[in-house]
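Undergrad: Predicted model and sequence below, questions to follow.
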Amino acid sequence: MNTFMIVQYRKGDTPMDRQFDGRWTRTRCGPGHFSLLSRSMQSHWNWTEGLVVSHLYLTDALMTRVARDVQDKDVGQVCLHDVLQGSDPVVSHIADQLTMEAADDGPAGKLYAEALSVQLAVHLLRNYASFESRKAPGPSGLSQRQLNLLEAYIDAHLHESLSLDELAGVLGMGVWTFNRHLRESVGLPAYSFVQHKRLERARTMLREPGRALKDVAAACGYSDQAHMTRSFRKALGVTPGQYRAGL
């Protein structure tokens, strides 16, 4: 494996044997459990009953970058603990969200998946990694100049699919540090902040009577008109058409 892997057990229950780092472990795995496999580690698995699982892969580049941000210093090789039958509501919740996003090809897209991946990486590094983490300095937020620079970039590229890496790069930060400072400044993580900006622009554009809804959706970075409608209903309780009619 050239990535870190999380196996989430979704259906079925089976005895499970695994050899990891030369040592065999025997247990039972079923719904609510997960297994970890560290990068570049050989393993052998054996099970006897049918299972439905999700495999989540985290790259070494992502884990190293997030570890550096969390530790606030350079780190060596990251190695995850030998976990065959883990039970953790945080891991389960994030894995569920990523699995649903992949299965449904949902409208939230790349930015949402990246945000979830970073959250998962941080949680694994804090709780299931071989190195000891030390508390990073408390968040100080973004300066007004940084916030202005970020908002100008988002405004210029709002019609595009924005990524977490891209936004963090605007300020020359790692993704974890960027998300931490942004939340401290505006009370929102990057994904929610961008969605808020999309909604603000859409509300402004809907004041133009002749503007078609599909054009508004495209200009605001929604994947299609239906995506914009779902966002309006979730945030405001009305559709874009109903919002425009009420102006």
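TA: Now that the structure is in, tell me what you want to look at.
Undergrad: Distance of Leu142 relative to Glu151?
TA: Remark: distance between Leu142 and Glu151 (Cβ to Cβ, to the nearest Å) = 10 Å. Glycine gets a C-beta too; all of them are placed from N, C-alpha and C.
Undergrad: and what of His93?
TA: According to Cβ to Cβ, His93 stands 30 Å off from Glu151.
Undergrad: picking up where we left off before, if you count what's nearby, which of Leu142 and Glu151 comes out ahead?
TA: For Leu142 versus Glu151, neighbours defined as other Cβ atoms under 10 Å are more numerous around Leu142 (20 against 13).
Undergrad: my read: that one touches Leu171, true?
TA: Yes. In this structure Leu142 lies within contact range of Leu171 using Cβ atoms under 8 Å: 7.3 Å.
Undergrad: my read: Phe4 touches Asp60, true?
TA: Yes. With contacts counted by Cβ under 8 Å, Phe4 reaches Asp60, the gap being 7.3 Å.
Undergrad: which residues are common contacts for those two?
TA: Shared contacts of Phe4 and Asp60, defined by Cβ atoms under 8 Å, 6 or more residues apart in numbering, comprise Arg39, Val78.
Undergrad: Looking at the two, which one has more neighbours?
TA: Phe4 (26 against 14).
Undergrad: Secondary structure class of the spatially most central residue of the chain, three-state.
TA: By Cα atoms, centre = their mean, the mean C-alpha position of the chain lies nearest to Leu116, the distance being 1.6 Å. Put simply, Leu116 is helix when judged by DSSP: H, G, I helix; E, B strand; the rest coil.
Undergrad: Output the below-cut-off pLDDT ranges for the protein.
TA: For the chain, the stretches flagged by pLDDT under 70 are 72-73, 105-109, 131-140.
Undergrad: for it, what spans make up the helices?
TA: In the chain, the segments counted as helices under DSSP state H are 60-71, 89-104, 109-127, 144-157, 164-170, 175-186, 190-205, 213-219, 225-236, 240-245.
Undergrad: before we move on, the earlier item: can I assume the residue nearest to the centre of the chain is in contact with His93?
TA: No. Contact criterion Cβ under 8 Å: Leu116 and His93 do not qualify, at 9.5 Å.
Undergrad: Domain map for the chain?
TA: Following automatic domain parsing, one finds the domains of the chain at 3-127, 144-193, 199-245.
Undergrad: Pull up the distance across the second one, start to finish.
TA: In this case it means domain 144-193. Domain 144-193 has its terminal residues 16 Å apart, counting by Cα to Cα, to the nearest Å.
Undergrad: Figure out how far it is from the centre of its chain.
TA: Distance of domain 144-193 from the chain centroid (Cα atoms, centre = their mean, to the nearest Å) equals 15 Å.
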